[in-house]
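Asker: predicted model, plus sequence, below.
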Amino acid sequence: MWKDVEKQTIALYVKNTGSKSDKIGGKTTYLYCHRNGFYNVMCDKKRTIKVTGSNKINGNCPSKMKICEDIENQVYVEFTKIHLGHGTDLRRKQITREEIARKLENKISLDFLR
């Protein structure tokens, strides 16, 4: 369901916490824009930061999905589509090896990966 939205919008959504169960047996899941949040600087990191830097925007992006599933397995979704505080930079999109191979076969430049 949300994977279709990710393909259409070039955005990725992540689940920051587990699903919450309600009193009548349903469950609610929240998915947030992967750019949402603040970069945590840790002094004793063993890894160096990526060349493109952190995906976090050091702020809040309002784009999110609230997915409610009731006891009859019916799903209701509240979707906030608008993104604020960042653009649609293709370097921030996760790309599969198959997509890279397909682009190389079609002689498409991979400059957007840098």
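Answerer: Happy to help now that I have it.
Asker: any idea how far apart the tips of stretch 12-21 sit?
Answerer: Length of stretch 12-21, first residue to last, CA to CA, to the nearest Å: 24 Å.
Asker: how far does that stretch sit from its chain's centre?
Answerer: Taking CA atoms, centre = their mean, to the nearest Å, one finds stretch 12-21 lying 11 Å from the centre of the chain it belongs to.
Asker: residues of it that come out buried?
Answerer: Across stretch 12-21, burial judged by 16 or more other CB atoms under 10 Å covers 12-13. For glycine as for every other residue, the C-beta is placed from the backbone atoms N, C-alpha and C.
Asker: going forward can the numbers begin at 47, since that is how I track them
Answerer: I'll keep to 47 as the first residue from here, and by that count the last item is stretch 58-67.
Asker: that one - what's its average pLDDT?
Answerer: For stretch 58-67, mean pLDDT rounds to 86.
Asker: low-confidence ranges in this structure?
Answerer: Within the chain, the ranges that satisfy pLDDT under 70 run 47-49, 51-56, 88-91, 93-99, 133-141, 156-160.
Asker: could you pull out the strands for it?
Answerer: 59-60, 66-67, 73-79, 110-115, 121-126 (DSSP state E).
Asker: sheet-wise, list the partners of the last one with their directions.
Answerer: When sheet partners are counted by DSSP bridges, strand 121-126 sits next to strand 110-115 (antiparallel).
Asker: go on, the longest one?
Answerer: According to DSSP bridges, the neighbouring strands of strand 73-79, each with its direction, are strand 59-60 (antiparallel), strand 66-67 (antiparallel), strand 110-115 (antiparallel).
Asker: name the residues that touch the last one?
Answerer: Contacts of strand 110-115 with the rest of the structure, by CB atoms under 8 Å, 6 or more residues apart in numbering, involve 47-48, 51, 59, 72-79, 82, 121-126.
Asker: try it again at 10 Å.
Answerer: 47-48, 51, 59, 61, 65-66, 68, 71-79, 82, 120-127 (CB atoms under 10 Å, 6 or more residues apart in numbering).
Asker: what's the most buried one of the strands of the chain?
Answerer: By mean neighbour count, with neighbours taken as mean count of other CB atoms under 10 Å, strand 73-79 ranks first of the strands of the chain at a mean of 18.
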